[in-house]
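J.: structure, please.
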Amino acid sequence: MDKCEVRQMNPEAIKLVRDAEAGWEQEEMIRPLRLVISRILPKI
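T.: From the prediction side, this is the model:
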């Protein structure tokens, strides 16, 4: 994701994206992130 896209997101989504970009290795935590982000940004 570009920084411009992240800035347009909600604060909670920004935190999720930053956490994801931090390099989470556990898929159990990444999957819910993807679901949340896909609900917030259905276009992606």
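
J.: drop to CA atoms for contacts and neighbour counts, all remaining ones
T.: Fine.

J.: so which residues of this protein form helices?
T.: Counting by DSSP state H, the chain has helices at residues 3-7, 11-21, 27-40.

J.: mean pLDDT lowest where, among those?
T.: Mean pLDDT across the helices of the chain is lowest at helix 3-7; the value there is a mean of 58.

J.: quick check: the gap between residue 33 and residue 14.
T.: Plainly put, residue 33 is 11 Å away from residue 14 if you go by Cα to Cα, to the nearest Å.

J.: thinking again about what came up before, dump the helices of the chain to CSV, plus mean neighbour count.
T.: Rendered in CSV, the data for the helices of the chain read as follows (neighbours: other Cα atoms under 10 Å):
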stretch, mean neighbour count
helix 3-7, 10
helix 11-21, 14
helix 27-40, 13
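
J.: wait, what's in contact with residue 16?
T.: Residue 16 makes contacts with residue 33, as judged by Cα atoms under 8 Å, 6 or more residues apart in numbering.

J.: switch to 6 Å and redo it
T.: Shown here is residue 16, which makes no contacts under the criterion Cα atoms under 6 Å, 6 or more residues apart in numbering.

J.: and it, how far is that from residue 42?
T.: Counting by Cα to Cα - residue 16 and residue 42 are separated by 16 Å.

J.: could you do residue 13 as well?
T.: Taking Cα to Cα as the criterion, residue 13 is separated from residue 42 by 13 Å.

J.: try residue 20
T.: Per Cα to Cα, residue 20 is found 18 Å from residue 42.

J.: repeat that for residue 22.
T.: Noted for residue 22: a distance of 23 Å to residue 42, by Cα to Cα.

J.: and residue 31, by the same measure?
T.: Taking Cα to Cα as the criterion, residue 31 is separated from residue 42 by 16 Å.

J.: please apply the same query to residue 33.
T.: With the distance defined as Cα to Cα, residue 33 ends up 13 Å from residue 42.

J.: same question, residue 36
T.: 10 Å.

J.: swap in residue 11?
T.: When Cα to Cα is applied, the distance between residue 11 and residue 42 equals 17 Å.

J.: good, we can wrap up now.
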